[in-house]
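K.L.:
With the input below, show me the fold.
(chains A and B)
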Amino acid sequence: MGNWFRASVAGTAVTAAAVVAIIFLGGEPAVSQGPAYQAPRLPGTSNPNLTGLWQAFVTANWDIQDHAADAGPFPRLLGVWGARPAGQGVVEGNEIPYRPEALARKEENFRNRLTVDPDNVNTVGDPEAKCFMPGVPRATYMPFPFQIIQSTEKIVIAYQFANANRTIPIGEATNAPVDFWMGWSNGHWDGDTLVVDVTGFNGLAWFDRAGNYHSDALHVVERYTPMSPDHLMYEATIEDPTVFTRPWKISMPLYRRIEENAQFLEFKCVDLAEEYLYGDLVEGSSQGGAR
Amino acid sequence: MSHRCLTVMGAVFAVVVLAPTFAAAQPTETPASLRTPWGHPDLQGIWNNSTLTRLQRPEELGDKEFLTEEEAAGVEQETIARNELLSNRPAERTTAADQLDSRADGTPGFYNNLWLDRGTTVVATRRTSLIVDPPNGRLPSLTPEAHTRVTSAEADRIEDVRRGRLPATSWEELDLSDRCIWYRGIPSLPTGYNNNYHIVQTPDHVAILQEHIHDVRVIPLDGRAHIAPTIRQYAGDSRGHWEGDTLVVETTGFNNRAIIRGVDGNLSEALHVVERFTRNEADLIDYEFTVVDPKTWTSAWQGSLPMTRTEGPMFEYACHEGNYGLYNILAGSRAEEKAAGGAGK
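P.N.:
Next comes the predicted model:
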């Protein structure tokens, strides 16, 4: 940072003015690397204690890239209930480096996002609408809290959405024995940052409602860095050579739910998705037995 | 008012009826090697509670409380022999009439034995049931309300649907496990497969991951109050605390679809469960539980079973994702209706 600062002031007056503006008017940059915050330790260990109920407050679940407000798919039915909020993207540089043929698939995903195809229920339509496990990193920025439970050798992350969860062993990494919706996680500490390397995906999860997707070659490296007693910085590097031309990165702060009574609640959403998935197959329905 | 009344009743039940039997059962202390860095007994690891012992004592055993050593060995040997027979049997196409793979009542669709993992041992005490109280090893009598719930014509019809003897009108008639909503219930009792639990703990929380339908219970240990009774959940609302070296977990706040494996039908919102986890040996957790549901049973009941340490890892159990079984049950039901349509049905 020091080098960058010196280089900037050595440049044009315009650049110098911009730097001054950032320093004096912009306040703290979003990702402060300043005097390192020292998080409380997990008793008996030298590691920061991340246990708590956390939540992202971004609109990335609608679209991880920049997006304006939109009426959503059923304005006549839902009014503004179904609208998409405007939001700034969480992708560094706002560009997802799709291969050309993969971009076409993303657009098709978006068109079919609310299609229920009983013969291809795993591959057509947004998995969120069906209450399928959301995958990683999407589970992190859905509009639901998640609970980190950190012990000495294992860390569990329990997500309210669909009761999805994953176990992160700390230490020697192991290979995914099979494919998973939530991937296969291996964790280690890099100073006060929890680094989680995730592979072993089944390639069926999406990044968002906009149809952004990946294959089973997905490799995610997540970083959870304590910034204050009530904030973590979350960063994830996304690599998937069959879908993207280069690795790319997302980041967002995670906020501790500090309400006195905040706690992990149940969102076993299967029974909330059944009418959507099976509504054509009840007695007397017009399409019953069509399959 | 009624909520508060019920809560108080439940609490009184719990204290008066439940406390005495287990209170004396902690003679040993958890050794230092089985403690976390912060001093709590360390319950962490992957545990399996498969057992050949049934929840209720089989009626034909009458008042026989324990198997003899020979009888227990006989049951275990029989199971091992049957597993061997079935796994060595040459592959062949089975039919609904083939008793080997079909259900006891002859209906088709049961899993091949290869899928099952019921364990090959009875509980170490050789007790003839997991239930230790009532002393007859059987569930207490049903309340009149519950008797109606379980034996009504509608309950019979639903049972026929669930057994494949009648078409399903809607998914709502199928049980929670076929729908992949909630399988294990609380207390968490063994069934035919995936009887695995992963416990991870912190100074102020315990997580119990249940392999079946990838469930996770997040249990606060920090003494906070239960959530308001206006919020009901399939797994209720659990609070834990340490009593000596035993983790005691109390759960209320169930919705009206609560289940316990081995118990017919749904339970009521008044269900109140106390579980006790004690690990005095490296490879064993004593799991004890007390169940009160004054709208279902006329008295409380208690049970006990071992959780034995097992090698990981536990896999992700994706049940609802791609649950073609449910599509096929419903599509099949509609096809049956169509076929019967000509007969004026």
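
K.L.:
quick check: mean pLDDT across stretch B:241-257?
P.N.:
Stretch B:241-257 shows a mean pLDDT of 97.

K.L.:
Do me a favour and get the end-to-end distance for that stretch?
P.N.:
26 Å (CA to CA, to the nearest Å).

K.L.:
is chain A contacted by it?
P.N.:
No. Contact of stretch B:241-257 with chain A (CB under 8 Å from any CB of the partner chain) is absent, the minimum separation being 8.9 Å. (Each C-beta comes from the backbone N, C-alpha and C, glycine too.)

K.L.:
Just give me how far that stretch sits from the chain centre.
P.N.:
15 Å (CA atoms, centre = their mean, to the nearest Å).

K.L.:
list the buried ones in that stretch?
P.N.:
B:245-255, B:257 (16 or more other CB atoms under 10 Å in any protein chain shown).

K.L.:
mind putting these in a markdown table, secondary structure included?
P.N.:
Formatted as a markdown table, those follow (DSSP: H, G, I helix; E, B strand; the rest coil):
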| residue | secondary structure |
| --- | --- |
| B:Asp245 | coil |
| B:Thr246 | strand |
| B:Leu247 | strand |
| B:Val248 | strand |
| B:Val249 | strand |
| B:Glu250 | strand |
| B:Thr251 | strand |
| B:Thr252 | strand |
| B:Gly253 | coil |
| B:Phe254 | strand |
| B:Asn255 | coil |
| B:Arg257 | coil |
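
K.L.:
of those, closest to B:Pro220?
P.N.:
B:Val249 (10.3 Å; CB to CB).

K.L.:
didn't the closest one look like it was pressed against B:Gly240?
P.N.:
Yes. B:Val249 is within contact range of B:Gly240, at 4.5 Å (criterion: CB atoms under 8 Å).

K.L.:
Find residues that contact each of those two.
P.N.:
With contacts taken as CB atoms under 8 Å, 6 or more residues apart in numbering or on different chains, B:Val249 and B:Gly240 have B:206, B:219 as neighbours in common.

K.L.:
Tell me the confidence at the residue of chain B found nearest chain A?
P.N.:
Using CB to the nearest CB, the closest approach of chain B to chain A is made by B:Pro37 at 2.2 Å. On pLDDT, B:Pro37 comes in at 95.

K.L.:
Next up, the contacts around it.
P.N.:
Here B:Pro37 is in contact with A:42-45, A:152 (criterion: CB under 8 Å, 6+ apart).

K.L.:
Mind checking which of these are buried?
P.N.:
Counted by 16+ other CB under 10 Å, those give A:42, A:45, A:152 as buried.

K.L.:
contacting residues for the residue nearest to the first one when sequence neighbours are not counted?
P.N.:
Using CB to CB, 6 or more residues apart in numbering or on different chains and skipping residues adjacent in sequence, the residue nearest A:Leu42 is A:Asn49, 4.2 Å away. Counting by CB under 8 Å, 6+ apart, A:Asn49 touches A:39-42, A:150, B:202.

K.L.:
Are any of the residues you listed buried, and if so which?
P.N.:
Among the contacts of A:Asn49, those buried by neighbour count (16+ other CB under 10 Å) are A:39, A:42, A:150, B:202.

K.L.:
Out of the residues you listed, which comes closest to A:Asn112?
P.N.:
For the buried ones among the contacts of A:Asn49, the nearest to A:Asn112 is A:Gln150 (39.0 Å; CB to CB).

K.L.:
Could you measure from that closest one over to chain B?
P.N.:
6 Å (CB to the nearest CB, to the nearest Å).

K.L.:
surely that residue meets B:Gln201?
P.N.:
No. If you go by CB under 8 Å, A:Gln150 and B:Gln201 don't touch, sitting 10.0 Å apart.

K.L.:
where in the stretch 101-250 of chain A is pLDDT low?
P.N.:
Counting by pLDDT under 70, not a single residue of the stretch 101-250 of chain A qualifies.

K.L.:
What ranges does it have for its strands?
P.N.:
A:146-150, A:154-159, A:165-169, A:184-190, A:193-199, A:219-228, A:231-239, A:248-256 (DSSP state E, counting those that start in this stretch).

K.L.:
Can you list the strands that the third one pairs with?
P.N.:
Taking DSSP bridges as the criterion, strand A:165-169 pairs within the sheet with strand A:154-159 (antiparallel).

K.L.:
which outside residues touch the partner strand?
P.N.:
A:50, A:134, A:139, A:142, A:144, A:146-149, A:165-170, A:187, A:194, A:264, B:44, B:200, B:207, B:209, B:216, B:218.

K.L.:
Done for today, thanks.
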